[in-house]
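**Q** have a look; sequence and predicted model below, questions after that.
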Amino acid sequence: MDSFLLEALVNGILLGGVFALPALGLNLVFGVVDVVWLCYAELVMVGMYAVWFLYTQAGWPLWVAFAACLPVVSVLGLLLHLLVVRPLLAAPPINQVLATGGVLFLLQGAMTLIFRTDFRSLGVDMPPMEVGEIFVSGTKLAAFCAALVGAALLWAFLKFTYVGTAIRAIARDREVMPLMGVDPQRIYLIASAVGGALAGLAACLLVVQLDVHPFVGLSFGPITFMICVMGGLGNMLGGFLAAFIMGIIVSVGGFWGTTEFSYVVAFGFFIVTIFARPRGLFAR
Amino acid sequence: MRYVIPLLLALACIPLLSPPDYFLHLGVTVLLTAVAGTGWAMMGRYGLVSFGHGAFLGIGAYTMALLWNMAGLTPWVGIPIAVILAALAGVLLGYPCFRLKVVGHYFALVTLAAGEIVRILIVALRDHTGGSLGMTPDRVPPDQGLLAMQFDKSGFWWLALLAWAIGLLAWWLLDRSMASKALAAISEDEEAAASIGIRVTREKLRVTLISTALAALAGTLMAQYRMYLNPESLAGLGISLQIVFGAIAGGMYAPLGPTVGAIITIGLEEVLRIAFGTEFTGGAPLIYGILLVLFMIYLPRGIVGIVERKRRSAAAPLGLPVGAK
Amino acid sequence: MSATLELSGIHAGYGDFQALFGIGLRVEPGEAVGVVGPNGAGKTTLLRVISGLIRPTAGSLRFGEQDLATTPAHLLPSLGIAHVPENRRLFPHLTVEENLKVGAFSPAARAHFAERRDRVYDLFPRMKQRRHQLAGTMSGGEQQMCAIGRALMCAPRILLLDEPSAGLAPIVVKQVFDLVRRIREEGLTVLIVEQNVAQVLRVVDRAYVLETGRVAAEGRSADLVADPAIRRSYLGGH
C-alpha cells in the first residue's frame, strides 16, 4: 500500500479516537435522559478555553489544567441539566433540542465576550514519530491513547457499578426504574455529569491539536451528531465504532481531495447510511 | 385571515409615505425572515422538524447569484429557477427520508447534515462562490436596475411583501385542504394514518416541496437585497437554528406566528446590536441564547400561541385547553 | 416487622380518564390476596397506585405506619414493597445477573447483593445456569422467574405481581403458579393481579373482584369459587 495512504489511514484511526469521546458522551446523555444536547461541542469548546486559560494565563502545569478541565465541564453538564433540560423533560423533543440550541448561542456569546474571537493556541507539541515508513504525530497518538483510556474507564463504569448498570437499564425502560428503587432524576444527574466530564476529556485532547475560538465547536459538532446517529442514538458501542469509520473517511477523503471535500464525502456517507439503516448502522 | 388583506394593502402603501431607509431596511429583513420561518413552520407544525432549512436559503441564493454572475441571467428568471432547484433538492432529501421512515431526532439530524453539506460545498467551491469570504452579484448601471432586480429599498419592500403574501397564501391554502388533515393525522400516528389510506410519503413530500420553495424564495431575495452572499448567513446550523427559533418564538401553529417570530428575532438582534455595539461582541448571542432557553421553558407555543389560547378560552371556557390530547 | 397494606377510598386515573372509583383493599402480613376481573377493570392501575407510579387523586394508602400516597416511588423497595410489573419488563439487553443487580440498586440492598442473589439462585436453579445469558433471549417462563428474582433482591415484605401468567403457555402458567406458591411458603405476603381467575383462586387466601374500577365482590377463595355469579362470569362454569 502507498505509504501516504497508509499514513492517512492511521491518521483517520487516530482522529476517530478523538471523535469517539464526544460521541460517547452525547450518546450516554441521549440514552439516559432522551434529550439531544445540541450544545455538546460548545461544552467541549468551554473546556478547551479552561485548559488554555489555566495553562497559558494562570501558569498552571499542563496536567493540572487538564485535571481541572474535567470537573469544570462536568459541572457545566450538571447545570445544563438542572437549569435547561429538567424543566423541559415533559416537553416535546423539538423544544428540548432548541433549548440546548439556545445554550449553544449562549456559550458562544459568553466566550466571545470574555476571550474575544482571537484564535488561541496552547503552543505545546510533541515530536512526530517515525513508525516504519510513515510519520505519526506524537500529539495525535497521545490524544488517541488518552481517548481509549477514557472510553475504557467509561465501559468499566457502565459494566461493573450499580449506577452504571442502572444507566444501561434506564436507556431501555425508563418507567419501570422506580420499581427497582432507582430515582430516574438522580440517574439523569449522574449521566449529565459523566457526559460533561467526557466533553471535558475531549476538550483536553482537542486543545492540543486545534486552536480554540468561540466557534470551534461548529467544526466538530455536526460530525459528532452524525456519528451518534450513525451508530444509533443511545448505542454507545455503535457510536464508538462509527467514530472510527468517520475518522477514516475524513482522513482518507482528505488524502484525495481538500479537507472540505472530505467532510462532504463523510456527511454524504452519513446520509446514505441513514437511508440504508434508518436506526443506525448497528441497530438490532 | 380576514385581517390579512387590509394589512397587506396598508403595508404596501408604506413606501409612499417615504419613511426613513432604516425603517424600510428592518421591514424588508423582517418580511423575508418571516417567509423563511413560515416555510419552516409548514413542516414543523406537522412534526417534520428540519435543522437544515438554511441549506435551501443557500441553494436558492447561490443558484440565483451564480446564474447572474456567470450566465448573465436576470434574477427575475434566476429566482424561479433557483426556487425550483431548491425545492427539488428538498424532495431529493425528503423522499428517501419519508419512504424509509426517518423521523423524529433522526430526521432532524439528517437535515442538519444536509445543511452542513450545502454550507461546506459553498465553501469548497470557492473558485465560483468566493468561499467563506462570500460573493457579490455583479452590479449594473442604475438605468438597467429594474431588469437586474437591483433597486432601492422601496422596491424590495414590495417584493418582500409579495413573497410574504405568497407564504401566507400557501399556508391558507394548505390549511383549507385535505392535505392539512392528512398531515395532522400523520404527525399523530404515522402507521394509523397509513392504515386509513393516507399516502404518507406523498403528503409529506408535498409539504416539503412548498416549505423548501418558500425558504429558497426568502434566501434569493435576502441575497439580492443585501447584494452579498456568504455561507454562514445563508446555510449551516446557525441560520437554520435562527429560522427555527423565529418560527417557534412566534408560534408555529398560527399563520402569523412565524411573522411575529421574525419581528421578535430581528428586533432583538437590532436592539442587542445597538446596545452592545462592537464593544461587547458576544453580548448579543449570549442574551439571544438565554432568551431562547426561556422561551422554550415558559412560552413553548410561542407568543401567538399564548394569545390564541387566551382568546379561545375566553370564547369557550369549557373547551379543552389548546394542545390537549 | 410485618405491616398491613391498607387502601381505602382510592380514586385514581390517567389525566382526564378515571380508572379507579373508591377502592378499599387490605392485605394482612403473611396473606396471599388476589385481584381479579375483566380487562380494563383497573387491576393494573391499582398495582401502579400502590407502588407509587400513579398518585391517587383521593383516598388513603398505607403500609403499616407508612403513608404511601406521599412516598416517592423509588423509595418503596427499601420499605419492603416489590412490584413485578405487567409483561415482566426485564432489561432484555442485560444479563440475568445484571438484572438482579438493578433490582438491588437501593443502598440497603447493595450490601446484601451476593447473599440475596445466591438465595434467588437456590430458589430458581435455572437462573443460576443462565446467569450470564441476556435476559431477552430466555423463554417466557424463565423471564418470569428472572423478574420475580429481581423483585426479591430488595428483600421485600410484600410482593406485588401483575398478571404473572400473561402470554405464557398453559404448562408454563402452572409452573409460574407453583413458583408463587413456593414464595408464599417462604412467608412472603403476596398481592397478585390476574385474569386467570381459576388458577389464581387456587393460590390465594382471599380475593377481590374488580369491575369498572370498583370492588364488585370480595371474599375467601373458597367462597368465591362457590359463588354462582362468579362462576358464571369468570370461571366459565355452570
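**A** On my side now, so go ahead. Numbers count the residues shown, from 1 in each chain, chains lettered A, B, ... in the order given.

**Q** CA atoms for contacts and neighbours, from now on please.
**A** OK.

**Q** so what's the spatially closest residue to A:Glu130 that is not a sequence neighbour up against?
**A** Excluding the flanking residues, the one nearest A:Glu130 by Cα to Cα, 6 or more residues apart in numbering or on different chains is A:Val136, at 6.3 Å. Residues in contact with A:Val136 (Cα atoms under 8 Å, 6 or more residues apart in numbering or on different chains) are A:7, A:10-11, A:128-130.

**Q** show the buried residues in the residues you listed.
**A** Applying 16 or more other Cα atoms under 10 Å in any protein chain shown to the contacts of A:Val136, the neighbour count classes A:7, A:10-11 as buried.

**Q** dump these to a markdown table, plus pLDDT, secondary structure and distance to A:Ser74.
**A** Output for these, formatted as a markdown table (pLDDT from 0 to 100; DSSP: H, G, I helix; E, B strand; the rest coil; distance: Cα to Cα, whole Å):
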| residue | pLDDT | secondary structure | distance to A:Ser74 |
| --- | --- | --- | --- |
| A:Glu7 | 87 | helix | 35 |
| A:Val10 | 91 | helix | 31 |
| A:Asn11 | 89 | helix | 29 |
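
**Q** from those residues, pick the one nearest chain B.
**A** A:Asn11 (21.7 Å; Cα to the nearest Cα).

**Q** with just CA atoms, put stretch A:115-131 into CSV.
**A** Output of stretch A:115-131 as CSV, limited to C-alpha atoms (Å, rounded to 0.1, in the frame of the first residue of the first chain):
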residue,chain,number,x,y,z
PHE,A,115,-11.9,35.9,25.3
ARG,A,116,-12.9,37.7,22.0
THR,A,117,-12.8,36.0,18.7
ASP,A,118,-9.0,35.5,18.5
PHE,A,119,-7.7,32.0,17.8
ARG,A,120,-5.8,30.8,20.9
SER,A,121,-3.1,28.2,20.8
LEU,A,122,-1.7,26.2,23.6
GLY,A,123,1.7,26.1,21.9
VAL,A,124,2.6,22.6,23.0
ASP,A,125,3.5,19.9,20.6
MET,A,126,5.2,16.6,20.7
PRO,A,127,7.7,15.5,18.1
PRO,A,128,6.4,13.2,15.3
MET,A,129,7.4,9.6,15.5
GLU,A,130,8.6,7.5,12.6
VAL,A,131,6.9,4.1,12.5
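
**Q** which outside residues touch that stretch?
**A** Here stretch A:115-131 makes contact (Cα under 8 Å, 6+ apart) with A:52, A:55-56, A:135-139, A:207-208, A:210-214, B:281-282.

**Q** flag the shaky bits of chain C, pLDDT-wise.
**A** Across chain C, the ranges flagged by pLDDT under 70 are C:1-2, C:237-238.

**Q** interface residues of it facing chain A?
**A** Neighbours of chain A within chain C, by Cα under 8 Å from any Cα of the partner chain: C:51, C:53, C:73-78, C:82-83, C:85, C:89, C:91, C:94, C:98, C:101-106, C:151.

**Q** mind doing that once more with 6 Å?
**A** Within chain C, the positions adjacent to chain A are C:73-75, C:77, C:91, C:102-103, C:106 by Cα under 6 Å from any Cα of the partner chain.

**Q** which of those residues are buried? Put it as a PyMOL command.
**A** This is how PyMOL selects the buried members of the residues of chain C next to chain A, with burial counted by 16+ other Cα under 10 Å:
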select buried, chain C and resi 73+74+75+77+91+102+103+106
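
**Q** I'd like the residues of chain C next to chain A laid out as a markdown table, including secondary structure.
**A** Listed next are the residues of chain C next to chain A as a markdown table, based on DSSP: H, G, I helix; E, B strand; the rest coil:
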| residue | secondary structure |
| --- | --- |
| C:Ala73 | helix |
| C:His74 | helix |
| C:Leu75 | helix |
| C:Pro77 | helix |
| C:Phe91 | coil |
| C:Val102 | helix |
| C:Gly103 | helix |
| C:Ser106 | coil |
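
**Q** which of the residues of chain C next to chain A come close to chain B?
**A** Applying Cα under 6 Å from any Cα to the residues of chain C next to chain A, none is adjacent to chain B.

**Q** quick one: the helices in chain A, in order.
**A** A:3-33, A:40-52, A:62-79, A:93-115, A:138-160, A:162-170, A:184-207, A:217-231, A:236-256, A:259-276 (DSSP state H).

**Q** for residue 95, give me its contacts.
**A** I'll assume chain A. A:Asn95 makes contacts with B:Met296, as judged by Cα atoms under 6 Å, 6 or more residues apart in numbering or on different chains.

**Q** actually it's chain C I care about, not the one you picked
**A** By Cα under 6 Å, 6+ apart, the contact list for C:Thr95 reads C:132-135.

**Q** dump the residue contacts of the nearest residue in space to it that is not next to it in sequence.
**A** Counting by Cα to Cα, 6+ apart, C:Thr95 lies nearest to C:Leu134, which is 4.1 Å off, once chain neighbours are set aside. Shown in contact with C:Leu134 (Cα under 6 Å, 6+ apart): C:93-95.

**Q** what separation is there between C:Leu134 and C:Asn87?
**A** 17 Å (Cα to Cα, to the nearest Å).

**Q** mean confidence for stretch A:239-251?
**A** For stretch A:239-251, mean pLDDT rounds to 93.

**Q** centre of the chain to that stretch, how far?
**A** Offset of stretch A:239-251 from its chain centre (Cα atoms, centre = their mean, to the nearest Å): 13 Å.

**Q** now the terminal residues of stretch C:211-230, how far apart.
**A** End-to-end distance of stretch C:211-230: 12 Å, with Cα to Cα as the criterion.

**Q** from the contacts of C:Leu134, which single one is nearest chain B?
**A** The nearest member of these to chain B, counting by Cα to the nearest Cα, is C:His93 at 22.5 Å.

**Q** tell me, how many neighbours does that closest one end up with?
**A** Using other Cα atoms under 10 Å in any protein chain shown, the number of residues around C:His93 comes to 16.

**Q** tell me the SS of it?
**A** coil.

**Q** now swap in C:Leu61 and tell me
**A** Criterion first, three-state DSSP; result for C:Leu61: strand.

**Q** excluding its backbone neighbours, what's nearest it?
**A** C:Leu7 (4.6 Å).

**Q** who's in contact with the nearest residue to A:Pro178 once chain neighbours are set aside?
**A** Counting by Cα to Cα, 6+ apart, C:His74 is the residue found nearest to A:Pro178 once chain neighbours are left out, at 4.2 Å. Counting by Cα under 6 Å, 6+ apart, C:His74 touches A:178, A:181-183.

**Q** what does C:Ala73 give?
**A** Under the criterion of Cα under 6 Å, 6+ apart, the neighbours of C:Ala73 are A:178, C:52.

**Q** let's see that with 7 Å instead.
**A** Applying Cα atoms under 7 Å, 6 or more residues apart in numbering or on different chains to C:Ala73 gives the contacts A:178-179, C:51-53.

**Q** could you do B:Trp157 as well?
**A** By Cα under 7 Å, 6+ apart, the neighbours of B:Trp157 are B:24, B:28.

**Q** so which strand or helix has it?
**A** helix B:153-176 (DSSP states H and E).

**Q** from the residues of chain C next to chain A, which two are the most distant?
**A** The distance between the two most remote of the residues of chain C next to chain A (Cα to Cα) is 20.3 Å, for C:Leu75 and C:Phe91.

**Q** report the buried residues of stretch A:3-15.
**A** Neighbour counts using 16+ other Cα under 10 Å place A:7-15 of stretch A:3-15 among the buried residues.

**Q** what helix or strand is C:Asp122 located in?
**A** Secondary structure assignment for C:Asp122, by DSSP H and E: helix C:113-123.

**Q** could you say what helices and strands whichever helix or strand comes after that helix packs with?
**A** Once the chain leaves helix C:113-123, the next helix or strand it forms, by DSSP H and E, is helix C:125-129. Counting contacts by 3 or more Cα pairs under 7 Å, 6 or more residues apart in numbering or on different chains; DSSP states H and E, helix C:125-129 is packed against no other helix or strand.
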